[in-house]
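Q: This is the structure alone, sequence omitted:
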């Protein structure tokens with residue numbers, strides 16, 4: 001599916017509050033371009049994961065609007081893929097690596113349809129792409145954190161979406177897996193996909209992302225990484241949680 005206009009994600013006046021009336025996101029407005037890897041960064045509790053959940057229609061919001069591919073999520077869900085934080089997944093669920101990856105094909109099926117040989121072949125190709133085909137029969141809970149993340153990426157690939165939301169996909173994995181995943185994400189973008197990633201490690205931001213959303217309950221900045229990944233805007237976004245007031249625009253590690 002082709003995105004409408006120049007923006008693949010359009011957020012206007014978004015406000016999200018919990019049941020205790022605590023405002024998590026306040027009057028957030030921004031547009032994101034297509035065919036980019038876009039990072040969402042900010043301090044702990046800033047509302048980064050909440051933003052993805054609101055975009056996916058998983059939580060209600062008090063005011064504002066979100067359009068993906070120019071339409072509401074219910075109209076384009078088939079073309080949107082969501083990879084949640086690993087901590088939110090029940091890893092004891094009795095499913096194999098192949099079963100989890102195959103779930104990516106279900107959004108493309110009719111109500112009474114079941115995956116066919118082609119769906120299963122695509123799923124195996126996706127597992128091969130992330131280096132997990134040899135563990136296709138392994139129970140998901142028996143895998144390491146990095147292997148589990150590769151399986152969820154294979155599920156996202158199997159969906160063949162246009163827009164991907166990923167919530168901290170690099171948390172709790174080894175550096176080899178992280179490098180393999182970011183290489184694959186860049187290949188996906190080169191093939192026409194758009195990827196939005198909640199991320200927390202500032203040292204890799206400049207190398208990983210084309211665009212950034214800086215968030216701390218309110219929108220602090222949005223734009224190309226070169227434009228907004230500066231000491232001034234990072235200090236504004238992180239406040240006392242920002243550990244070092246240096247300019248990270250040259251990719252300086254923490």
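A: Looks like it came in fine. Keep in mind the model is a prediction, meaning the values are calculated, not measured.
Q: pLDDT of stretch 122-138, averaged?
A: Mean pLDDT, stretch 122-138: 92.
Q: what about the stretch 151-254 of the chain, any weak spots by pLDDT?
A: 240-254 (pLDDT under 70).
Q: remind me which residues of the stretch 1-150 of the chain are low pLDDT?
A: 1-5, 21, 86-91, 109-112.
Q: Now with 50, please.
A: 1-4 (pLDDT under 50).
Q: Show me the helices in the stretch 151-254 of the chain, by range?
A: According to DSSP state H, counting those that start in this stretch, the stretch 151-254 of the chain carries its helices in the segments 175-190, 205-208, 225-228, 231-238.
Q: Same check on the stretch 1-150 of the chain?
A: Using DSSP H, counting those that start in this stretch, helices in the stretch 1-150 of the chain cover 48-55, 73-76, 97-102, 117-129, 145-159.
Q: Would you convert those into TSV that also reports mean neighbour count and distance to residue 25?
A: C-betas here are computed from N, CA, C, even on glycine. Below are the helices of the stretch 1-150 of the chain laid out as TSV (neighbours: other CB atoms under 10 Å; distance: least, CB to CB, whole Å):
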stretch	mean neighbour count	distance to residue 25
helix 48-55	22	6
helix 73-76	14	16
helix 97-102	24	30
helix 117-129	16	33
helix 145-159	23	24
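Q: and the ones you listed as a markdown table, adding distance to residue 31?
A: A markdown table is the format used below for the helices of the stretch 1-150 of the chain (distance: least, CB to CB, whole Å):
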| stretch | distance to residue 31 |
| --- | --- |
| helix 48-55 | 13 |
| helix 73-76 | 16 |
| helix 97-102 | 32 |
| helix 117-129 | 30 |
| helix 145-159 | 23 |
